[in-house]
Each structure stands twice: as structure tokens, then as C-alpha cells.
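Novice: My questions concern the predicted model and sequence given below.
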Amino acid sequence: MSTVLITGASRGIGAATAYRLQDRHDLVLVGRDRDALDSVARSCRSARVVVADLTTAEGVDSAAGGLTSLDALVHCAGVADLGRIEESTPDQWRRAFEVNVLSVVELTRTLLPALRAASGHVVVVNSGAGVHTRPGWGSYSASKFAARAFADALREEESALRVTSVFPGRVDTDMQRGIVAHEGGTYDPSRYLSPRSVADAIGQALESGPDVEPAEIVLRPRAH
């Protein structure tokens, strides 16, 4: 049975990905909320929980600990702190890059020997904001553009691995609720992708044939 490590696995896309993959894979579920991770793990056939802050070296080491062969690494963790550039702070930009970029880079780098051993697959859940930006989205979008560049560079450097960037439009998650509240809108989940739809795309990428590299997957909500 192959092993898949999922970050941000306590809720949203990460939890949906765990449910989507649990029949075929042994899972390592990484996040900060033990109670939420334990709840997800109880619904999975075989899942190990790691509570870790991936913005720290100790957290990265804890998540990667004991893994000598890893079939897939799925990066779902992320933050979105919005605000116009003139109102933003250095801490906002640092947090965006620490969570959305540096933690992705460091965990992947640490796990490269395990991924190489399995000719593994790295999936980076990006965002439509990693393709285009809008007013008030500067720090988040910049971090997602950087995450895209990281995935592209990894694909070029690690020929034994497959690397997929997933670019969902807006998804029905707790993060989305916070974004809509910031925008002053009314939350309507029917306007957004479901986490399960994104998880299905991730699962299909991981299950694609060995002759295929699904480099980029773009998902958009259908108009209602």
C-alpha cells in the first residue's frame, strides 16, 4: 500500500483529499489542530496524525520523521490574509510567504530522498490567485505565484518525480468564508467549488498512468 502525506489535513481541501485517498493509500495527516486531525483520521482506513507547525524547522522534521519512502506529498495548507498594499504590513507578507511558500519548499526538500525512493508525486494546491491577481490580494497572490514557480522548478530539476500544480477557483471552505466576510459580501456556498471536487482532481492526478505528468490542473466553479 502506498503512502501519502497531506498537509492542511484537518479541514477543507486537505480533509476532503484524505477521504478521497483513504481507500488506496496509507495516510500521514499533518496540521495544527489535533482534535480536527483525529476526527479526520477516524474516518480513514489507515491514517497517522502529526501535529506540526510547518513554518518551523522542528515542525518540518516532525512531519517528515520516519519516512524513508513516500509515494505522494500533497500540499493543502495555506493562509489568505487580504488587504490593499498601502494598508498591508511586513508581518502579513511574511506570514503569506512562510505558510504558502517556505513551508512547502522546506517540507518537500526534506522529503526528497523519500520521494525519490518511490519515484513519487508532489501536488501543490495553488489558487486562481497564482495565475492572476486583483486589488487587495497582493500578498496572497504573490505567495501563490511563488509557489507556482517552485513547482515548475522542482519539475525541471527532479526528473524522477511527477509534480502537479492545482489551480482551483474559489472553494467552499472556512478560508473562503473569511474572505467573503472581508469583502463584505453574503456567503453563498453554491457559488463555489466543493472541497470534494478539488480532492477528486488531486486523486485523478495521482492515479494517472506512469506515462503522464499532469503538470497543471485548473478548476473553475460553473456559473449558476
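Specialist: Good, I have the coordinates.
Novice: Below-threshold pLDDT in this protein: ranges please.
Specialist: 223-224 (pLDDT under 70).
Novice: any idea where the strands of it begin and end?
Specialist: 2-7, 25-31, 47-51, 72-75, 121-125, 162-168, 216-219 (DSSP state E).
Novice: which helices and strands does the first one pack with?
Specialist: Secondary-structure packing of strand 2-7 (3 or more C-beta pairs under 8 Å, 6 or more residues apart in numbering; DSSP states H and E): helix 12-21, strand 25-31, strand 72-75, helix 103-117. Where you see a C-beta, it was placed from the backbone N, CA and C, and this is true even at glycine.
Novice: Residues touching it, excluding its own?
Specialist: 14, 17-18, 21, 24-31, 54, 63, 67, 69-77, 103, 107, 111, 118, 206 (C-beta atoms under 8 Å, 6 or more residues apart in numbering).
Novice: Just the buried ones from the residues you listed, in PyMOL syntax?
Specialist: With 16 or more other C-beta atoms under 10 Å as the criterion, this PyMOL line picks the buried residues out of those:
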select buried, resi 14+17+18+21+25+26+27+28+29+30+31+54+63+67+70+71+72+73+74+75+76+77+103+107+111+118+206
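Novice: What residues does the closest residue to residue 204 other than its chain neighbours make contact with?
Specialist: Spatial nearest neighbour of residue 204, excluding adjacent residues (C-beta to C-beta, 6 or more residues apart in numbering): residue 214 at 7.8 Å. Taking C-beta under 8 Å, 6+ apart, we find residue 214 in contact with 162, 164, 204-205, 208.
Novice: for this structure, what's the longest helix?
Specialist: For the chain, the helix with the greatest residue count under DSSP state H is helix 138-157.
Novice: quick one: that helix to strand 121-125, angle?
Specialist: On the basis of axes from the mean of the first three to the mean of the last three C-alpha atoms, to 10 degrees, helix 138-157 is oriented at 160 degrees to strand 121-125.
Novice: So for helix 138-157, what gets flagged as buried?
Specialist: 138-148, 150-151, 154-155.
Novice: list the contacts for the residue most central in space within the chain?
Specialist: Using C-alpha atoms, centre = their mean, the residue of the chain that lies closest to the mean C-alpha position is residue 76, 1.8 Å off. Residue 76 is in contact with 6-9, 12-14, 17, 125, counting by C-beta under 8 Å, 6+ apart.
Novice: Repeat the analysis, applying 7 Å as the threshold.
Specialist: 6-9, 13-14, 17, 125 (C-beta atoms under 7 Å, 6 or more residues apart in numbering).
Novice: Now flag whichever of those is closest to residue 199.
Specialist: Closest approach to residue 199 among those (C-beta to C-beta): residue 17, at 4.3 Å.
Novice: State the number of residues packed around the residue nearest to the closest one when sequence neighbours are not counted.
Specialist: In space, and not counting its chain neighbours, residue 17 is closest to residue 199: 4.3 Å by C-beta to C-beta, 6+ apart. Other residues within reach of residue 199, judged by other C-beta atoms under 10 Å, total 25.
Novice: Distance of the residue located most distally from the centre of the chain relative to residue 184?
Specialist: In the chain, the residue that sits farthest from the middle, by C-alpha atoms, centre = their mean, is residue 86; the gap is 28.5 Å. For residue 86, the distance to residue 184 equals 19 Å [C-beta to C-beta, to the nearest Å].
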